[in-house]
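**Student:** sequence first, then the predicted structure:
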Amino acid sequence: MKLQGRPTLAPFFPLIPLALCAALAGCGGDENAKAAVDKSGNAADVVYRNGEVLTVDAADTQAQAIAVRDGKVLATGSTDAMRAYIGTQTSVVDLAGKTLIPGFYDGHSHFLYSGLTGQFDVDLNSPPLGTVDSIDTILARLRAKLAEADAASWITGSGYDDTLLAEQRHPTREDLDKVSATRPIFISHISGHLSVANSAALAAAGIDASTPDPAGGVIRRDSSGKPTGVLEESASNMMQVKVPAKTAAQTMQVIRYASGNYAAHGVTTANDGASSAGAIQALEGGALSGNLSIRVVAWPTLEEMEKSDAVKLTSKKVRIGGIKDFADGSIQGYTGYLSHAYHTPYHGDAAYRGSPRYDRDTLAARVTAVYKAGKQSLIHGNGDEGIADILYAFRKAQEAYPRSDARPIIIHSQMATESELDDMKTQGVMPSFFVLHTYYWGDRHRDIFLGPERAQRISPTHSAEDRGMRYTLHTDTPVVPMDPLRLIWSAVNRVSTSGAVIGAEQRVSASHALRATTINSAWQNFEEKERGSLEAGKYADMVILSANPTTVAADTIKDIQVLETFVEGKSVYRAAQ
C-alpha cells in the first residue's frame, strides 16, 4: 500500500470519460441537461455517487452522493438528486457501494514525534506492536543500530514496555552501557513519560549524583545516590534537549513520513501536541515545500506560547490551536496521579498513588495565564486526582478571566470519576478519551496498575454520553499507531489484547464513536463550522472506506480499509488496487 500519491495501477473509482457519459445509463443526463447545469452556476467539479455517504451532520443524515466544488461540499443527497450538479466539465466517480465519510480529525497525537520515531528511532515495542520480549533483545537492536550509525549520531529508541519484558523491569544505565559507554544512547518508554539514558548521555546532559530532581520529574537513583539512568516526566526533558537536532533534510523526511502515514489511515487533520515554535515553523516549511499533504493543528506549551504566536503561517495547512499542559503522567508508568494507591505497590510502597506534575495552585496559575492570553487550555490528565486538579485549575482561571466559550479540554480523562464528569459538564469541560488503553493496556491495568474494579472504568465514554456530553477519542500516536478505525473498534468493543472485555458498560455505538473522531474533534479545535462533517459549504475533507463502520459487525470495524483520502477535495492518498 502506498503512503502517498496515486499508483499507476487502475484506480478503484475511475473517472467516467465525459465523451462516454451520455452513452452510459444513469450517468448524469444528456448534454442539454448538463449545459443547463452549467448555465445555472451549480456545476460541481466532481460528483461521487452510488455509495453510502455518512455526513455526520446533526441528524446523522446518510446520503448516496456528494457534489464537490473548489474544495468544498456543494451538496449531498440521492444519486438522482446530484444530477442537478453534473455539468459538462463535471467528473463523475462511481463509489460502487463503498462508504464515504468525513476525514478523520485527530483528537490528539504528536505528529512530528511520530515521524521522528518512525524514521530514526530503533523500534523497541513489545507485542502486539512489536517483537521485543527482553532487555537482551533491546540491547541487540541497539547494537545493530550502532553498527550502522555514523560516528556523531546518538543512538535513540522508543516503545519499550517494562511490564512486557522477561525481566519485568526498566533497562538501566548499566544495561545500555553494555552497548556503548562512550556513545550517547537514549530510549523512551511506551508511555512517553519515562526514558533511560546510558552513562555517555547522562554526562552530556550534566546529570550525576549531585543533580537535583527537576520540578515535576524524578531522576531515579541507586542506593548510593547514583542515577540508574531511568528518568521520569520532566527529568526526561533534561535529556531530550541534548539530543542533536535533525538537519533540514531529515526534518522534511520526518514530515513526509508522518503525513503519508496519517493520510493512509484517513486522517485529514492531525494534531501536534505539546508543540514548540520551532516545530510549528518546520511544519509550515513542510507545507510550503509540498512535504506536508494534510493539515496540522499545533498545540504549543505555555513556555512556547508567545514564540509560537510570532511564527508566520501562510500555507493554510498549519494552524495554532490551544495551549497544551500536563497535570500528571502515565498510569502504566506509575506516574499517573490517583486518589487511591496503585493496585500493585510501586517499589513496595502500598500507599503510593503517583504525583502531580505541578501542585494544584501552580497548575491553576499556569491555566490562568492561558486564559489571560485569550487562549484555549488543553491539559493532560490520566489519574482521577490529576483530573481533580485540572478541574480546580479551570475553575480558577474562568473566575479570573471569564469567557462564554472557552472550551477547556482534559486530554486522556482516563480515570474520570462520575462526580468529576458531573463537574466537567457543569464547567463546560470536554473530555478527550484515549480509549485504546482498553486494548493495549487493559489487561495490565486490571492485573497490575488499577485492579479489576477501577480498570472497568478507564475511558468512561458511556458515562459521558449519559450526561449528554460531547467528547472526542484519540490515539496519542506514536504511543500507539495512528489507526482511527481501530480506535472506533475499541470504543465499540472495549476488548483487550487477551480478548477480555474491559468495562462492557462503557461501550458506545459506532455512530457515536465516528462523531467523536470527526465533528467532535473539529469542535474541540473551534473548526466545527468548516470541517468535521459533510455539509454544504464545509471543506471536502473526506475518506472513502471499503465498508460502513456503523453497519458492519462490531468486531470487524478494525478491518475496514481506507481506500482514498481527500483534503479540501484533493486526493492525498490512494490505496493500491
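**Tutor:** It's in.
**Student:** got the domain ranges for this structure?
**Tutor:** Using automatic domain parsing, the domain ranges for the chain come out as 1-103+534-577, 115-240, 247-321, 323-516.
**Student:** okay, these in TSV with mean pLDDT next?
**Tutor:** Shown next, in TSV, are the domains of the chain (pLDDT from 0 to 100):
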stretch	mean pLDDT
domain 1-103+534-577	85
domain 115-240	96
domain 247-321	98
domain 323-516	98
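**Student:** for Thr228, give me its contacts.
**Tutor:** Taking C-beta atoms under 8 Å, 6 or more residues apart in numbering, we find Thr228 in contact with Thr172, Arg173, Arg220, Arg221, Asp222. C-beta: built from backbone N, CA, C; applies to glycine.
**Student:** and the helices in the stretch 101-250 of the chain?
**Tutor:** 111-120, 135-148, 173-177, 199-204, 234-240, 248-264 (DSSP state H, counting those that start in this stretch).
**Student:** helices and strands around the fifth one, which ones?
**Tutor:** Going back to what we said before, that points to helix 234-240. Judged by 3 or more C-beta pairs under 8 Å, 6 or more residues apart in numbering; DSSP states H and E, helix 234-240 is in contact with strand 185-189, strand 194-197, strand 217-221.
**Student:** again with the longest one
**Tutor:** Packing contacts for helix 248-264, counted by 3+ C-beta pairs under 8 Å, 6+ apart, involve helix 111-120, strand 267-275, helix 277-289, strand 562-567, strand 570-574.
**Student:** ok, residues contacting that helix?
**Tutor:** Here helix 248-264 makes contact (C-beta under 8 Å, 6+ apart) with 1-4, 106, 111-112, 114-116, 118-120, 246, 270, 282-283, 285-286, 289, 291-294, 482, 562, 565, 567, 572-573, 575.
**Student:** which residues in the stretch 251-400 of the chain form helices?
**Tutor:** With helices called from DSSP H, counting those that start in this stretch, the stretch 251-400 of the chain shows them at 277-289, 305-309, 360-372, 384-400.
**Student:** hang on, the earlier thing: go through the domains of the chain and name the closest to Gln524.
**Tutor:** With C-beta to C-beta as the criterion, Gln524 lies closest to domain 323-516 of the domains of the chain, at 5.3 Å.
**Student:** need the distance between the two termini of the closest one.
**Tutor:** End-to-end distance for domain 323-516: 21 Å, by C-alpha to C-alpha, to the nearest Å.
**Student:** how far out from the middle of the chain is that domain?
**Tutor:** 14 Å (C-alpha atoms, centre = their mean, to the nearest Å).
**Student:** cool, stretch 238-248 as well?
**Tutor:** Worked out by C-alpha atoms, centre = their mean, stretch 238-248 lies 23 Å from the chain centre.
**Student:** output the domains of the chain in a markdown table, with distance to Trp523 appended to each entry.
**Tutor:** Shown next, in a markdown table, are the domains of the chain (distance: least, C-beta to C-beta, whole Å):
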| stretch | distance to Trp523 |
| --- | --- |
| domain 1-103+534-577 | 12 |
| domain 115-240 | 26 |
| domain 247-321 | 12 |
| domain 323-516 | 6 |
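**Student:** now do the contacts for Arg507.
**Tutor:** Thr461, His462, Ala491, Val492, Asn493, Arg494.
**Student:** so which of these is the most crowded?
**Tutor:** Counting neighbours by other C-beta atoms under 10 Å, Ala491 leads the contacts of Arg507 with 28 neighbours.
**Student:** ok, it touching Val508?
**Tutor:** Yes - the criterion here is C-beta atoms under 8 Å, and Ala491 meets it with Val508 at 5.3 Å.
**Student:** if we can go back for a sec, deepest of the helices of the stretch 101-250 of the chain, which one?
**Tutor:** Across the helices of the stretch 101-250 of the chain, averaging neighbours per residue (mean count of other C-beta atoms under 10 Å) puts helix 111-120 on top, at a mean of 23.
**Student:** which other residues reach that helix?
**Tutor:** 156, 158-159, 188, 246, 250, 253-259, 261-262, 270-272, 275, 279, 282-283, 296, 477-478, 482.
**Student:** chain center to it, what's the gap?
**Tutor:** Here helix 111-120 is found 13 Å from its chain centre; the criterion is C-alpha atoms, centre = their mean.
**Student:** ok, which of the helices of the stretch 101-250 of the chain comes nearest Thr88?
**Tutor:** Shortest distance between Thr88 and those, using C-beta to C-beta, is found for helix 248-264: 31.5 Å.
**Student:** next one: that closest one to chain centre, how far?
**Tutor:** Taking C-alpha atoms, centre = their mean, the mean C-alpha location of helix 248-264 is offset from the chain mean by 15 Å.
**Student:** before we move on, back to that, sort out which of the contacts of helix 248-264 are buried, if you could.
**Tutor:** 4, 106, 111-112, 114-116, 118, 120, 246, 270, 282-283, 285-286, 291-294, 482, 562, 565, 567, 572-573, 575 (16 or more other C-beta atoms under 10 Å).
**Student:** could you dump the helices and strands packed on helix 248-264 to a markdown table with distance to Pro184?
**Tutor:** A markdown table is the format used below for these (distance: least, C-beta to C-beta, whole Å):
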| stretch | distance to Pro184 |
| --- | --- |
| helix 111-120 | 14 |
| strand 267-275 | 23 |
| helix 277-289 | 21 |
| strand 562-567 | 38 |
| strand 570-574 | 36 |
